[in-house]
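*Asks:* the following block contains a protein sequence and its predicted model.
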Amino acid sequence: MQSQSIRLEFLWWLLTGLAAALILLPIAIYTKNYPFWVSNVLFIITFLTFTRYLFLLPVTFFAHFQVFKVVLMFLCIPIFVFSIRELNNFQIFVDNNDTEALIGLLPYKTMNAMREYVYNEFLLFGVGSLVATVILPFRLVISVWRSRNTGKA
């Protein structure tokens, strides 16, 4: 059963990587010198992974590893701080610079579409990762409590 959970987790990580690549593909195609690659990738991975853990925690490979759950609870704090800082940096950059600084020079229609896409995609996954990072520790506390008191994950 444990090896099946590990294989399933590996498959989920592959799907998360594929989703991140597909989401960021338009940005890679149409922009030059996009300054928020790292934070954007981390937002997508955090949002998809933590949301999956919120709903599918009992079928994860660490469903019965209480120490890992506690470590993950405390890891949510620096992830939350990082997310707030990167969202703030993005908003300051957008407020202080032109669209060309973010996505480069493109034809008018393409530039407007890309500006909307980049802004909305970054905010969606940034705010989504913040929300998931805030909710996940509560879900992990409930899971640890259930495991200690009832033996269920």
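*Replies:* Structure received.
*Asks:* which ones are touching the spatially most central residue of the chain?
*Replies:* With distances taken as C-alpha atoms, centre = their mean, Thr46 lies nearest the centre of the chain, 2.5 Å away. With contact set as C-beta atoms under 8 Å, 6 or more residues apart in numbering, Thr46 has these partners: 79, 83, 129, 132-133. C-beta: built from backbone N, CA, C; applies to glycine.
*Asks:* with Val127 instead?
*Replies:* Here Val127 is in contact with Leu87 (C-beta under 8 Å, 6+ apart).
*Asks:* separation between it and Phe80?
*Replies:* 12 Å (C-beta to C-beta, to the nearest Å).
*Asks:* one more: Val118?
*Replies:* Per C-beta to C-beta, Val118 is found 23 Å from Phe80.
*Asks:* please enumerate the strands of the protein.
*Replies:* Remark: strands of the chain are absent; assignment by DSSP state E.
*Asks:* below-threshold pLDDT in this protein: ranges please.
*Replies:* 1, 151-153 (pLDDT under 70).
*Asks:* which residues in it form helices?
*Replies:* 2-30, 37-56, 66-96, 99-103, 108-150 (DSSP state H).
*Asks:* give me whichever of those helices is most buried.
*Replies:* helix 37-56 (a mean of 18; mean count of other C-beta atoms under 10 Å).
*Asks:* helix 66-96 and that one, what's the angle between them?
*Replies:* With axes from the mean of the first three to the mean of the last three C-alpha atoms, to 10 degrees applied, the angle from helix 37-56 to helix 66-96 works out at 140 degrees.
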